[in-house]
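*Asks:* Sharing a model that was predicted from the sequence below.
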Amino acid sequence: MSAYRTLLAKDLRIELRTLRSLPAMVLFAVTTFVIFRFGLDRTELEGDLGAGVLVATLLFAAILAINRLFVAERDEGGFELIRLAPVDRNILFASKATALVIYLVALELVAVPIFALFFLDTAEGLPPLAAVLLLADIGLAATGTLISTIATMSSARDLLAPLILLPLLVPLVIATSGAAQHLLDAGGPDFDRFGTWIAVLGLYDSVFVLVGYATFDYLLED
Amino acid sequence: MGSISLRTIAIATVAVLAAGFGLAFFYAPEDADQGFIQKIFYLHVPLAICALLGFIVAAIHAIRHLRTGDPIHDARSYVSIHLSVIFGVGVLLTGAIWARGSWGVWWEWREPTLVSFLIVFLLYATYYPLRYAIEDRDRQARYASVFAITAGAFVPLNFLAVRLAEPLIHPRTFSSAGGLPAEMMLAFLVCLVGMGLLWVTLVRFELGAKAASADLGRIRRALQGDGAPPAPAPSVAPVGVSATSAMSAGSAERSREGAPPGATRFRKKAS
């Protein structure tokens, strides 16, 4: 547990000192909102269109962080460190996934209010939307950490991560958009099939956290 | 299956497939709603089932590879995914033809099975760039196995999510398989068995070809004699890379290792 806390604190401290990922993610998200405003020629978004724009933007912003997740470990010997240390190597998976969840929550704390300011008439749906996005972040972090590790060790790392990740995230996108679209309706939030989508998100998170934790050790073998 | 020769399985495949398609065209009645176009069901659905089972088999071999480290399981996983992706192309093409004939459109986003297959196909199509972007063979095999396990877990989740996303399901002949007339069910089952045999035949053939290629590489290295850098055995060679070019691109790491362990394990005869 102390190794997990140490690794997590290290990543958060580095991010706070260097601000390598978060500002870029937030800026990317806000710029993408502007692009959608002009690309769709809409000043108001609701329902499935609003959910789609929000989820797609957050997804692509997350990929920026996922691409950079293991750069320091690759360049500065972090993988060798974890191989030599007398700790369970899956601790690295857990700490990186937790750090990624924290980055995504920080992103959403800025990006979602801006999205509401730009496009929504009412913010009533935002509190239950926060719960949906948190579940989505967990699944995104588990899958992203696993794929980021695979991509980091390859020669086409920047290309490979989004290429593999996007199809893997389709069920997550379906469930998140499915839950969010009724929360962003113009007349106020509607909880139609909300429980179903939450269950799918929970299932996705469980499966990929387990798969990631079970297979991560093999990715670190030399 | 391991003790049955490739020739025997191939003959059985041809016989069962011929029987299946014969039953489909001459014995099973036409569908009351869709008419003759419905008969593509006897090709489309067996292809889909065999492709999906192939992905699951690949995940099982990947688990065995990670647990034992034996490269034969990596080769079986690779070949299973390879052939299931090819079958997946067949599923998408026949599905598009069926959609055109039934609904007048080449693609229908509200058909959950077809959409699920497209997503699964897009995922497994990334298996090849993943493998060939990693130069170290052992790491390549391990990472490919992790991918196969992850993707195998993804397939049922994907089908569930896509099906939930579209509450309006177009009527399909196979939407209530239990309601198929006996003649149609017989033809379908024979086609399914035939397609399964075809998958197994092609897997055995490709594994045999790779074993022969590995043997050839080993013999060439032996003929080169001591002092010359030994060439890598093409156990799972990238597409477009011939055995000759693979040999001439031998690295210092491979010269220190000698013959890679994977080459010596490909001793199963094809027939």
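*Replies:* Here it is on my side, so go on.
*Asks:* which residues of chain A fall in helices?
*Replies:* A:2-18, A:22-40, A:47-67, A:71-76, A:78-84, A:90-119, A:126-152, A:157-168, A:170-183, A:194-219 (DSSP state H).
*Asks:* in the fourth one, what's buried?
*Replies:* Same thing as helix A:71-76. Residues A:Glu73 are the ones in helix A:71-76 that count as buried (16 or more other CB atoms under 10 Å in any protein chain shown). To be clear about C-beta, it is placed using only N, CA and C from the backbone, and glycine gets the same treatment.
*Asks:* do the longest one as well
*Replies:* Under the neighbour-count criterion of 16+ other CB under 10 Å, helix A:90-119 has A:90-104, A:107-108, A:110-112, A:115-116, A:118-119 buried.
*Asks:* nearest residue to A:Asp137 other than its sequence neighbours?
*Replies:* A:Leu104 (4.2 Å; CB to CB, 6 or more residues apart in numbering or on different chains).
*Asks:* and the end-to-end length of stretch A:40-49?
*Replies:* 10 Å (CA to CA, to the nearest Å).
*Asks:* thought the residue nearest to A:Asp137 was touching A:Ala141?
*Replies:* Yes: with contact defined as CB atoms under 8 Å, A:Leu104 counts as touching A:Ala141 (6.8 Å).
*Asks:* quick revisit: among the helices of chain A, which comes closest to B:Glu166?
*Replies:* Ranking these by proximity to B:Glu166 (CB to CB) places helix A:170-183 first, at 9.6 Å.
*Asks:* on that earlier part again, for the residue nearest to A:Asp137, give me its contacts.
*Replies:* Counting by CB atoms under 8 Å, 6 or more residues apart in numbering or on different chains, A:Leu104 touches A:Leu58, A:Ala62, A:Ala65, A:Asp137, A:Leu140, A:Ala141.
*Asks:* do the same with A:Leu129
*Replies:* Here A:Leu129 is in contact with A:Val112, A:Ala180, A:Leu183, A:Leu184 (CB under 8 Å, 6+ apart).
*Asks:* Recalculate using a threshold of 7 Å.
*Replies:* By CB atoms under 7 Å, 6 or more residues apart in numbering or on different chains, the residues touching A:Leu129 are A:Ala180, A:Leu183.
*Asks:* go on, B:Ser145?
*Replies:* B:Ala62, B:His65, B:Leu66, B:Asp74, B:Ser77.
*Asks:* what's the next secondary structure element after whichever helix or strand B:Thr8 is part of?
*Replies:* Assigned by DSSP states H and E, B:Thr8 belongs to helix B:6-26. Per DSSP H and E, the first helix or strand lying C-terminal to helix B:6-26 is helix B:41-68.
*Asks:* Now the next helix or strand after that next one: average pLDDT?
*Replies:* Counting by DSSP H and E, the next helix or strand C-terminal to helix B:41-68 is helix B:71-103. Average pLDDT, helix B:71-103: 92.
*Asks:* Likewise for stretch B:45-55?
*Replies:* Here stretch B:45-55 scores 93 as its mean pLDDT.
*Asks:* residues of that stretch that come out buried?
*Replies:* B:Val45, B:Pro46, B:Leu47, B:Ala48, B:Ile49, B:Cys50, B:Ala51, B:Leu52, B:Gly54, B:Phe55.
*Asks:* Show me which of the contacts of B:Ser145 are buried.
*Replies:* For those, buried by 16+ other CB under 10 Å: B:Ala62, B:His65, B:Leu66, B:Asp74, B:Ser77.
*Asks:* who's in contact with residue 85?
*Replies:* With no chain named, the answer covers chain A. Contacts of A:Ala85 by CB under 7 Å, 6+ apart: none found.
*Asks:* I was thinking of chain B, sorry if that wasn't clear
*Replies:* So B:Val85 contacts B:Phe121, B:Tyr124, B:Ala125 (CB under 7 Å, 6+ apart).
*Asks:* Chain A next: which of these are close?
*Replies:* On the criterion CB under 7 Å from any CB of the partner chain, none of the entries of the contacts of B:Val85 sits beside chain A.
*Asks:* ranking the residues you listed by neighbours, who comes first?
*Replies:* Highest neighbour count within those, by other CB atoms under 10 Å in any protein chain shown: B:Tyr124, with 24 neighbours.
*Asks:* contacting residues for it?
*Replies:* B:Phe55, B:Ile81, B:Val85, B:Ala151.
*Asks:* change it to 8 Å
*Replies:* B:Phe55, B:Ile81, B:Ser84, B:Val85, B:Gly88, B:Ala151.
*Asks:* and chain A, which of its residues are near chain B?
*Replies:* Contacts of chain A with chain B, taken as CB under 8 Å from any CB of the partner chain, map to A:143, A:146, A:150, A:153-156, A:159-160, A:163-164, A:166-168, A:170-171, A:174-175, A:178, A:193, A:196-197, A:200, A:203-204, A:207-208, A:211-212, A:215, A:218-219, A:221.
*Asks:* Tell me the pLDDT of residue 21.
*Replies:* No chain specified, so I'll use chain A. So, for A:Ser21, pLDDT stands at 87.
*Asks:* Sorry, I should have been clearer: chain B.
*Replies:* At B:Phe21, pLDDT is 92.
*Asks:* any weak-confidence spans in chain B?
*Replies:* B:1-2, B:167-179, B:226-271 (pLDDT under 70).
*Asks:* and with 50 instead?
*Replies:* B:168-171, B:173, B:175-177, B:234, B:237-271 (pLDDT under 50).
*Asks:* List, one by one, the residues from the stretch 51-200 of chain B near chain A.
*Replies:* B:66, B:119-120, B:122-123, B:126, B:129-130, B:133-135, B:139, B:142-143, B:145-147, B:149-151, B:153-154, B:157-158, B:160-162, B:164-165.
*Asks:* repeat that with 7 Å
*Replies:* Going by CB under 7 Å from any CB, the residues of the stretch 51-200 of chain B near chain A are B:66, B:119, B:122-123, B:126, B:129-130, B:133-135, B:139, B:142-143, B:146-147, B:149-150, B:153-154, B:157-158, B:160-162, B:164-165.
*Asks:* Make JSON lines out of the helices of chain A and add distance to B:Trp106.
*Replies:* As requested, the helices of chain A are exported to JSON lines (distance: least, CB to CB, whole Å):
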{"stretch": "helix A:2-18", "distance to B:Trp106": "47"}
{"stretch": "helix A:22-40", "distance to B:Trp106": "26"}
{"stretch": "helix A:47-67", "distance to B:Trp106": "24"}
{"stretch": "helix A:71-76", "distance to B:Trp106": "43"}
{"stretch": "helix A:78-84", "distance to B:Trp106": "47"}
{"stretch": "helix A:90-119", "distance to B:Trp106": "34"}
{"stretch": "helix A:126-152", "distance to B:Trp106": "31"}
{"stretch": "helix A:157-168", "distance to B:Trp106": "21"}
{"stretch": "helix A:170-183", "distance to B:Trp106": "21"}
{"stretch": "helix A:194-219", "distance to B:Trp106": "29"}
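*Asks:* Pick the most deeply packed of these.
*Replies:* helix A:170-183 (a mean of 25; mean count of other CB atoms under 10 Å in any protein chain shown).
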